[in-house]
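Student: need the 3D shape of this:
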Amino acid sequence: MSVVLETIGLHRRFGGLAATSDVSLQLQRGARHALIGPNGAGKTTLINLLTGVLRPSAGRILLDGADITALRPDQRVRRGLVRTFQINQLFPELTPLMTVGLAISRRLGLDTQVWRRIGTSGDVVDQSVEILERFGLVEAMNQPTGALPYGRQRLLEIAVAVACGPRVLLLDEPAAGVPEGERDGILAGVAALSADVTVLLIEHDMDLVFRFAERISVLVGGALLVEGTAAEIAADPRVRAVYLGDAAHD
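Tutor: Have a look, this model is predicted:
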């Protein structure tokens, strides 16, 4: 396996506060990797650094060996680094077909108003339907997004990210606010992603994390505490002490 995304000595300070401190992380191509840590650990700051929302105080970010530290968020998306958000970013009045079609149109450099006449662009429609099928959303593809159950909306967000053609997909708490009975659908949707797509999952639902991740990195106080397989992380006393609790996964 080759490294597709790497951070080297990544620091971000807000005044005298170190939100991230010397974070060096590697994601292997095609990996299913999770980033966990207690509230305030710096997870969101790290994702914002990776995606260009924030600039690091020091350190570098490499995508396929190329330094992207100074690139804007849209430039990183065009290179295949795509994220979802903790909070729903969808347009409630658009249908899933329109929403995914708009993302595909942007990726292809087409008129971004194509969703207004979605029926006239067969290639965009075909690609949109294929992605919606992958996430079990075809039956709802012509309904207003705002009418969908929240769990289905989170699935649609992942579908939109996939429509952007990611090489690396950052899933920022996709199960946040989703009823427990709908979370399996999110896990199934993520599991259906192409093996070519590298996934970094940031999530508080430990059941989802341990079912999804091949490797897990633990962030505490802005610094990486430990990294290992799911079994190694579950058994690590340092992790159990600071995050999982002594009774977790006994």
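
Student: all contacts plus neighbour counts: C-alpha atoms, from now on.
Tutor: Fine.

Student: please enumerate the helices of this protein.
Tutor: Taking DSSP state H to define them, one finds helices in the chain at 43-51, 73-78, 96-108, 122-134, 150-163, 183-191, 206-212, 230-235, 237-239.

Student: beta partners of the residue nearest the centre of the chain?
Tutor: When Cα atoms, centre = their mean is applied to the chain, the residue found nearest the centroid is residue 171 (1.7 Å). Beta-bridge partners recorded for residue 171 (DSSP bridges): residue 201.

Student: quick check, it in contact with residue 83.
Tutor: Yes - judged on Cα atoms under 8 Å, residue 171 makes contact with residue 83 at a distance of 5.8 Å.

Student: okay, and for the protein, where does confidence drop off?
Tutor: 1, 86-88, 111-121, 243-250 (pLDDT under 70).

Student: ok, the residue nearest to the centre of the chain - contacts?
Tutor: Neighbouring residues of residue 171 by Cα atoms under 8 Å, 6 or more residues apart in numbering: 83-85, 158, 199-202.

Student: the residue lying closest to residue 222 once chain neighbours are set aside and residue 76, how far apart?
Tutor: Sequence neighbours aside, residue 20 is the residue nearest to residue 222 in space, at 3.9 Å (criterion: Cα to Cα, 6 or more residues apart in numbering). Residue 20 is 21 Å from residue 76, where distance means Cα to Cα, to the nearest Å.

Student: who has more neighbours out of these two?
Tutor: Per other Cα atoms under 10 Å, whichever of residue 20 and residue 76 has more neighbours is residue 20, with 27 against 18.

Student: what about the more buried one, distance to residue 242?
Tutor: 17 Å.

Student: for the contacts of residue 171, which one is nearest residue 101?
Tutor: residue 158 (13.7 Å; Cα to Cα).

Student: hmm, that closest one is touching residue 84, no?
Tutor: Yes - using Cα under 8 Å, residue 158 makes contact with residue 84 at a distance of 6.6 Å.

Student: which one's more surrounded, the two?
Tutor: residue 158 (25 against 21).

Student: first-to-last residue distance for stretch 36-55?
Tutor: 22 Å.

Student: in it, what counts as buried?
Tutor: Across stretch 36-55, burial judged by 16 or more other Cα atoms under 10 Å covers 36-37, 41-52, 54-55.

Student: nearest to residue 96, of the residues you listed?
Tutor: The closest of those, once distances to residue 96 are taken by Cα to Cα, is residue 51, at 24.6 Å.

Student: skipping its backbone neighbours, what lies nearest the closest one in space?
Tutor: Residue 51's closest residue in space is residue 73 (Cα to Cα, 6+ apart), at 5.6 Å.

Student: surely that neighbour and residue 48 touch.
Tutor: No - checked against Cα under 8 Å, the pair residue 73 and residue 48 is beyond contact range at 9.3 Å.

Student: joint contacts of those two?
Tutor: Counting by Cα under 8 Å, 6+ apart, nothing touches both residue 73 and residue 48.

Student: so residue 69 touches residue 52, yeah?
Tutor: Yes - between residue 69 and residue 52 there is a contact under Cα under 8 Å: 7.5 Å.

Student: residues contacting residue 62?
Tutor: Contacts of residue 62 by Cα under 8 Å, 6+ apart are 4-7, 68-69.

Student: also residue 21?
Tutor: 9-12, 222-223.

Student: what would those residues look like in a markdown table with distance to residue 235 and neighbour count?
Tutor: Formatted as a markdown table, these follow (distance: Cα to Cα, whole Å; neighbours: other Cα atoms under 10 Å):
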| residue | distance to residue 235 | neighbour count |
| --- | --- | --- |
| 9 | 27 | 16 |
| 10 | 27 | 24 |
| 11 | 29 | 23 |
| 12 | 30 | 23 |
| 222 | 22 | 24 |
| 223 | 20 | 20 |
